[in-house]
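J.: Following is a predicted model, sequence given first.
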Amino acid sequence: MRLSEIASIIGAEFQGDDKEIISMNTLKDANEYEISFVSNKNKKYFKDIQNSKAGAIIVDTNTKEMVPSGSVALVVEDTYWQMAVLSKYFAPSLEDTDAPDAVIGQDTHIDAKATIAKGAVVGSNCYIMAGSYIGSGCEIGDNTILYPNVTVYRDCKIGKDCIVHAGTVIGSDGFGFASNRLGEHKKIYHNGIVVIEDDVEIGSNVSIDRAVFGMTLVKKGARLDNLIQVAHNCEIGEGSVFAAQSGMAGSSIVGRNNVFGAQSGIAGHLHTGDFNTFAARSGVTKTITQSGKIFAGFPLMEHKMWLKLQAKLSKILQSK
Amino acid sequence: MRLSEIASIIGAEFQGDDKEIISMNTLKDANEYEISFVSNKNKKYFKDIQNSKAGAIIVDTNTKEMVPSGSVALVVEDTYWQMAVLSKYFAPSLEDTDAPDAVIGQDTHIDAKATIAKGAVVGSNCYIMAGSYIGSGCEIGDNTILYPNVTVYRDCKIGKDCIVHAGTVIGSDGFGFASNRLGEHKKIYHNGIVVIEDDVEIGSNVSIDRAVFGMTLVKKGARLDNLIQVAHNCEIGEGSVFAAQSGMAGSSIVGRNNVFGAQSGIAGHLHTGDFNTFAARSGVTKTITQSGKIFAGFPLMEHKMWLKLQAKLSKILQSK
Amino acid sequence: MRLSEIASIIGAEFQGDDKEIISMNTLKDANEYEISFVSNKNKKYFKDIQNSKAGAIIVDTNTKEMVPSGSVALVVEDTYWQMAVLSKYFAPSLEDTDAPDAVIGQDTHIDAKATIAKGAVVGSNCYIMAGSYIGSGCEIGDNTILYPNVTVYRDCKIGKDCIVHAGTVIGSDGFGFASNRLGEHKKIYHNGIVVIEDDVEIGSNVSIDRAVFGMTLVKKGARLDNLIQVAHNCEIGEGSVFAAQSGMAGSSIVGRNNVFGAQSGIAGHLHTGDFNTFAARSGVTKTITQSGKIFAGFPLMEHKMWLKLQAKLSKILQSK
């Protein structure tokens, strides 16, 4: 899309040399053919402006001066809202009907009631059961099983030797939108993907959202139980384990071999170390830099402190 | 159904002029062609008896005298159980095979593996993906997208410009039944519907139950994340937002532009004001008449009080 | 499979008379044609070794002496890991393509977009809607309804007069695996089944996992709301009721007519008495031997104690 056209869509003035912009990205990851934005709500990203290689940046009057010389500043009032408006224009079609026919590997069984959209690639020795849907541009590795009624949205990737149980959804849009003072919401189209690495098993009725930009990532050997929420742009470390009904809010990164108990959760934009255990119902509310620890409670504390707290509460309860 | 027949089904005596009853409804909303009931468990509805316009009312010996003169009293021992028994007789068939073929709007794409039942109406420029099911009598507005494997039960309505993600279920029966002293349960057939207004986005693997009578309602501009429970007869106000794994119990009414955090919940038969925020894991246990406030905790309190409570608990924990 | 072959798969020495082993089972339930194992992690099962009738038992050097004379001891280093390795060899194929065509009862409606795998038996007067999948060897009783996009994995059984709402998954593999010191996980194939007895209603997007060995059991008259997790080898007693988003961890047994509130949970390997009520958000952390009681909180306590605790906390909050 031409930069002049983008400016017109988001209501920004534009003068100078026009150029082609092929996608949207974060300030950090954008290249000269991409457009980025500065959220007027999240000042912690201001520092990324001056180092950005983005071809253009959506800014407001407060941030326009920070834009480096190689990048075009498009000035609007509400940058986040206009980013949402623009995201729709970069969203691919729901299905790529012009793509070549799907490529299916040797000895792979595709049920007659499953759908493999055009442009998908399924490895060898896979078993794709009735009612499952694999979108355009998806890649599924060898020996992977999709039980019935699994949905994989377009362009997502699943590795080798994976098992995805029935009813699970991989690649739905993340829960993102801009809101204005009238309480109206403008959808942010999620043009990133989900990547599931090799040897991952995912239970039934799980929801894993695609990234805004980039990818939501489930690393090698992870194990997810049923009814789990993995929000946009999360990362689950190698061998990590999530019990049923646990959930991750957006952009959190879990280290390797963490164990999340049933009905536990982690808030957004946090990190955890490696080999930690979070008891059932834990709510991780801060980044955990430690490794090899056991936590519990909401707000989160070390498990031994949680036990102590329960003992104290029990005493309070018994007191007059 | 003839009133005499109804009396026979529920084991009530019936004398006098017979008449046709076409459906069941609440005491408040029933008209002269409808039958209602007085739950012997919920005395707060007793006051609605004398003003009811219902053609007939299922009552017990305690409440039969309150029935107004224009209405026929059908006296049984367990009114709630008999209401449940009767509800089955007013339930429509699962699919209306006698209805005319579905009407599909211009430029609407229906995947060959989707099902549009007879009697459904789908607007123009919609995109209905593989494995989705739209029941008899459903109405889907223009520009609405159903991702794969969405189920919309019969007679439910979805507005224009809506997006429903994969695996979501709209219109399943609410969780309602009468129970007796032996611990047996009698299903209450849910003959109401779900109405989703315009510009609503619903995530993946969400469950929205239909109403007993009337409708479960999701108003314009609302946003629901993944794995959310919306029980029978709930109402979600304009622009309200529910994060993943949150849930509403039956008949609760959320005002406009409320925000419910992840894994939060609201108990049944409650109301909330407008522009409130409920933090992650909040449990709303009382009606909230205020607006524009932030709440947290279970039981619920103002967020600043919750923070104070955590500080106090932390102190208790550190004490000897 | 020959015992000599099994020994070779799990890396155990084997001498003596070879014999045929037809399946895996627990120490308690295994017969002479079955192989069992002693988990090196769970000493409480050690006492079952000497009474076991298993044809062979996977043990380590610590437990090999406890094996009774009628049984062959296969000695390995990590018994749990090797049991997991072996479980794959006893897993049936995903679909039994050699089975006879499915048998469908009189007046049963099977939607053209539903799948009834070979070897399944569906009773009379059933209604199986679009997108539903019934696996090989399944048995569905008379008058049972499967709404759209329900998945029933192979060999599971559903009784008469049951209703299963859309998107629900019955019989997915339980969340079980052996882990080693490197943080790698080895899947335990779940070769047990799910049995749903008569007159059970299950809401939408529910997940009920199959047993490792034996069965996960939902007894007569039980009622499950939406988005519920029932883990492997659980048992839900007659007439018990689970509200939305509640969950059971593995191998727990709930008595008859228990009521679990919304978003409640019960940890693994516990029991509850009969006619108990667990308030919303309860977390059952110990076996409940009592019956007819009301509980709340996490950790769990009697409901009246929970109210008292909240009152005390409220007082603490108001104090200076």
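T.: Done, it's in. Numbers count the residues shown, from 1 in each chain, chains lettered A, B, ... in the order given.
J.: quick one: which helix or strand includes residue A:5?
T.: Assigning secondary structure by DSSP states H and E places residue A:5 in helix A:3-10.
J.: Output the contacting helices and strands for the next helix or strand after that helix.
T.: Using DSSP H and E, the next helix or strand after helix A:3-10 towards the C-terminus is strand A:23-24. Other elements packing on strand A:23-24 under the criterion 3 or more Cβ pairs under 8 Å, 6 or more residues apart in numbering or on different chains; DSSP states H and E are strand A:34-37, helix A:79-90. C-beta here means a position set from N, CA and C on the backbone, and glycine is covered the same way.
J.: Which residues does the first one contact?
T.: With Cβ atoms under 8 Å, 6 or more residues apart in numbering or on different chains as the contact definition, strand A:34-37 has outside contacts at A:3, A:6, A:21-27, A:30, A:52, A:54-59, A:74, A:79-80, A:82-83, A:86.
J.: Which among the residues you listed count as buried?
T.: Burial by neighbour count, judged by 16 or more other Cβ atoms under 10 Å in any protein chain shown, picks out A:3, A:6, A:21, A:24-27, A:30, A:52, A:54-59, A:74, A:79-80, A:82-83, A:86 from the contacts of strand A:34-37.
J.: Now do the same contact list for residue A:309.
T.: With Cβ under 8 Å, 6+ apart, residue A:309 has these contacts: A:297, A:301, B:313, B:316-317.
J.: and of those, the nearest to residue A:227?
T.: residue A:297 (21.9 Å; Cβ to Cβ).
J.: just to revisit the earlier point, would you mind giving the helices and strands packed on strand A:23-24 as a markdown table with mean pLDDT and distance to residue B:114 added?
T.: Output for the helices and strands packed on strand A:23-24, formatted as a markdown table (pLDDT from 0 to 100; distance: least, Cβ to Cβ, whole Å):
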| stretch | mean pLDDT | distance to residue B:114 |
| --- | --- | --- |
| strand A:34-37 | 96 | 35 |
| helix A:79-90 | 97 | 24 |
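J.: quick revisit: now, which of the contacts of residue A:309 lie within helices?
T.: Secondary structure from DSSP state H places B:313, B:316-317 of these in helices.
J.: Does residue A:254 touch residue A:238 like I think?
T.: No: counting by Cβ atoms under 8 Å, residue A:254 stays clear of residue A:238, with 10.1 Å between them.
J.: Neighbour count for those two, which is higher?
T.: Counted by other Cβ atoms under 10 Å in any protein chain shown, residue A:254 and residue A:238 do not tie: residue A:254 has more neighbours, with 29 against 18.
J.: gap between the residue nearest to residue A:192 when sequence neighbours are not counted and residue A:178?
T.: Computed as Cβ to Cβ, 6 or more residues apart in numbering or on different chains, the closest residue to residue A:192 that is not its neighbour in sequence is residue A:211, at 2.8 Å. Distance of residue A:211 to residue A:178, given as Cβ to Cβ, to the nearest Å: 17 Å.
J.: Same question for residue A:237.
T.: Distance, residue A:237 to residue A:178, using Cβ to Cβ: 31 Å.
J.: Repeat that for residue A:263.
T.: 31 Å.
J.: quick one: which of these two has more around it?
T.: Higher neighbour count among residue A:263 and residue A:178: residue A:263, with 29 against 20, using other Cβ under 10 Å.
J.: Can you pull the residues of the stretch 201-320 of chain A lying near chain B?
T.: Neighbours of chain B within the stretch 201-320 of chain A, by Cβ under 8 Å from any Cβ of the partner chain: A:205-207, A:209, A:227, A:229, A:231, A:245, A:247, A:249, A:263, A:265, A:267, A:283, A:298-299, A:301, A:305, A:308-309, A:312, A:316.
J.: Among these, which are located in strands?
T.: Secondary structure from DSSP state E places A:207, A:209, A:229, A:247, A:265, A:283, A:301 of those in strands.
J.: Show the contacting residues for the first one.
T.: If I follow you right, that is residue A:207. Here residue A:207 is in contact with A:168-169, A:172, A:228-230, B:167, B:203-205, B:226-227, B:244 (Cβ under 8 Å, 6+ apart).
J.: Chain C next: which of the residues you listed are close?
T.: With Cβ under 8 Å from any Cβ as the criterion, the contacts of residue A:207 include B:167, B:205, B:227 near chain C.
J.: unless I'm mixing things up, the second one is touching residue B:226, no?
T.: Yes: using Cβ under 8 Å, residue B:205 and residue B:226 qualify as a contacting pair, with a distance of 5.7 Å.
J.: shared neighbours, the two?
T.: Common neighbours of residue B:205 and residue B:226, using Cβ under 8 Å, 6+ apart, are A:169, A:207.
J.: Three-state assignment for the nearest residue to residue A:97 once chain neighbours are set aside, please.
T.: Once flanking residues are discounted, residue A:97 sits nearest to residue A:118: 6.2 Å by Cβ to Cβ, 6+ apart. At residue A:118, secondary structure determined by DSSP: H, G, I helix; E, B strand; the rest coil is coil.
J.: pLDDT value on residue A:118, please?
T.: Note for residue A:118: predicted pLDDT of 97.
J.: residues contacting it?
T.: A:95-102, A:136.
J.: if we go to 6 Å?
T.: A:96, A:99, A:136 (Cβ atoms under 6 Å, 6 or more residues apart in numbering or on different chains).
J.: Who wins on neighbours among the ones in strands among the residues of the stretch 201-320 of chain A next to chain B?
T.: Within those, most neighbours by other Cβ under 10 Å means residue A:209, with 32 neighbours.
J.: which residues does it bridge with?
T.: Beta bridges link residue A:209 to residue A:172, judged by DSSP bridges.
J.: My guess is it contacts residue A:234. True?
T.: No: at 8.1 Å, residue A:209 does not count as touching residue A:234 under the criterion of Cβ atoms under 6 Å.
J.: if we can go back for a sec, just the buried residues out of the contacts of residue A:309, in PyMOL syntax.
T.: With 16+ other Cβ under 10 Å as the burial test, the buried ones among these are selected in PyMOL as follows:
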select buried, (chain A and resi 297+301) or (chain B and resi 313)
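J.: Greatest separation within the contacts of residue A:309: which pair is it?
T.: A:297 and B:316 (13.6 Å).
J.: ok so, going back, show me which of the contacts of residue A:309 neighbour chain C.
T.: Among those, not one lies near chain C by Cβ under 6 Å from any Cβ of the partner chain.
J.: Residue A:45 belongs to a strand?
T.: No: Residue A:45 is assigned helix when assessed by three-state DSSP, not a strand.
J.: Report whether stretch A:74-86 contacts chain B.
T.: No: with Cβ under 6 Å from any Cβ as the criterion, chain B is not reached by stretch A:74-86; the gap is at least 12.3 Å.
J.: ok, and what's touching that stretch?
T.: A:7, A:10, A:12, A:37-40, A:56, A:58-60, A:64, A:178, A:186, A:188.
J.: May I ask which of these has the most neighbours?
T.: residue A:58 (32 neighbours).
J.: Mind telling me what element it is part of?
T.: For residue A:58, the enclosing helix or strand under DSSP H and E is strand A:56-59.
J.: That strand - contacts with which helices or strands?
T.: In terms of contacts (3 or more Cβ pairs under 6 Å, 6 or more residues apart in numbering or on different chains; DSSP states H and E), strand A:56-59 is packed against strand A:34-37, strand A:72-75, helix A:79-90.
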